[in-house]
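Enquirer: model this:
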Amino acid sequence: MFSEIIKLLNERGVLSVQEIALALKIESSALRPMLGMLERKGKVEKMELPCKTACAGGCTQSDSMTYYKVTIDA
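Expert: A predicted model of the protein is given here:
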């Protein structure tokens, strides 16, 4: 699954957690730990957009506001 994530990001560039989960047909809750491991290994880079809704936490939009891309060294 890790190689499929890297391949997808190499092919499509920057994708949100939601877009990756849809493309790989897995739940975003299962995907997040895998992305975290790839990030710790330096394979992918995480980019988060600032929330503009000024909510007090518990954001339901986090999967569509967190993006990943392959690092240069991957």
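Enquirer: What's the per-residue pLDDT of the residue positioned nearest the centre of the chain here?
Expert: Taking CA atoms, centre = their mean as the criterion, Val17 is the residue nearest the geometric centre of the chain, at 3.6 Å. The predicted local distance difference test score for Val17 is 92.
Enquirer: swap in Met47?
Expert: 88.
Enquirer: what comes into contact with the longest helix along the chain?
Expert: Ranked by residue count and defined by DSSP state H, the top helix of the chain is helix 28-40. Outside helix 28-40, the residues within contact range by CB atoms under 8 Å, 6 or more residues apart in numbering are 1-2, 5-6, 17-18, 20-21, 24, 44-46, 63, 68. Bear in mind the C-beta positions are built from the backbone N, C-alpha and C, glycine included.
Enquirer: Distance of Leu8 relative to Thr66?
Expert: Counting by CB to CB, to the nearest Å, the gap between Leu8 and Thr66 amounts to 15 Å.
Enquirer: my bad, Lys43
Expert: Counting by CB to CB, the gap from Lys43 to Thr66 is 16 Å.
Enquirer: On the three-state scheme, Tyr68 is what?
Expert: strand (DSSP: H, G, I helix; E, B strand; the rest coil).
Enquirer: That one: what's it in contact with?
Expert: For Tyr68, the contact set (CB under 8 Å, 6+ apart) comprises 9, 14-17, 20, 35, 38-39, 44-47.
Enquirer: beta partners of it?
Expert: The bridge-partner assignment for Tyr68, based on DSSP bridges, gives Leu15, Lys46.
Enquirer: Cheers, nothing more for now.
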